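[1] Sequence and predicted structure are below.
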Amino acid sequence: MKKKLEKRRQQLEKAKAEGFVIAIKDKKICSDCKEEKDSIEFTLSKSKRDMKVRLNAKCKPCDSKRSLERYHNGGRFSDEQKLEIIERDKCCQYCGTTENLVADHIVAQHICIKDVASKVSNGQALCVPCNTAKRDRILIESIRDSVGAKEFKRMLKPEYLMLLVEGKYKRRTATIGKRTFNEIVFTEKPVEQP
Ligand SMILES: [Zn+2]
Ligand SMILES: [Zn+2]
């Protein structure tokens, strides 16, 4: 524990020296497990946009679980794929800007079977703010317009496919950039579908 605290102290010193403002609290609720934990249980994230150091939304165990799943699902887009996606789309698919584009996975990696998520057909150009707002959301219109409903079902890990089959999901609307989507949110119990 002492070692961890010392390392954190050094990281913060370094960030301060680089001109970052430290914007972290002693405790934080993890967005995934919803537990309140000490700040040391979260990884730091530095934002060059506003020069602030914050804590990640997810605690370290939740974050690494997610990263591990991503890794097992075929990793990230290669630099060539990123370029191809951004050159194809030319602007953010949600708000239209041509600034700060990144390649986003339309169907998030962690819900896909191995090696299917990181293909160009599952990529779209988004600007950084739209990508941040989208996170791992499952947006029906976005999927329908690109990978298609059939392909989407083929991409899913069996446990997620089962949730769909069993009706364990609900729909809600999500507005990102200039578009409004129907978002699928998985639930523990079946939900009567309209
Ligand atoms: Zn957590
Ligand atoms: Zn955008």
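    Sure thing, it's come through. Bear in mind the structure is a predicted one, so any value in this text is a computation, not a measurement. Ligands and ions are numbered 1, 2, ... in the order given.
[2] residues near Ile140, how many?
    Counted with other C-beta atoms under 10 Å, the neighbours of Ile140 add up to 15. All C-beta atoms are positioned from the backbone trio N, CA, C, and that covers glycine.
[3] How is the protein partitioned into domains?
    2-69, 79-186 (automatic domain parsing).
[4] To ligand 1, which of these lies closest?
    Distance to ligand 1, taken as C-beta to the ion, is lowest for domain 2-69 among the domains of the chain, at 3.1 Å.
[5] Would you mark the buried spots in stretch 184-194?
    Neighbour-count burial for stretch 184-194, counted by 16 or more other C-beta atoms under 10 Å, picks out Ile184.
[6] Where does pLDDT dip in the chain?
    1 (pLDDT under 70).
[7] Do a quick rundown of the strands in it.
    Remark: strands assigned in the chain by DSSP state E are 21-22, 27-29, 36-38, 42-47, 52-59, 101-105, 123-127, 138-139, 169-176, 179-186.
[8] out of these, deepest packed?
    Sort the strands of the chain by mean neighbour count, taking mean count of other C-beta atoms under 10 Å, and strand 123-127 sits at the top with a mean of 25.
[9] got the strands of the chain as a markdown table, with distance to Tyr160 columns?
    Output for the strands of the chain, formatted as a markdown table (distance: least, C-beta to C-beta, whole Å):
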| stretch | distance to Tyr160 |
| --- | --- |
| strand 21-22 | 38 |
| strand 27-29 | 25 |
| strand 36-38 | 27 |
| strand 42-47 | 26 |
| strand 52-59 | 19 |
| strand 101-105 | 14 |
| strand 123-127 | 20 |
| strand 138-139 | 9 |
| strand 169-176 | 9 |
| strand 179-186 | 7 |
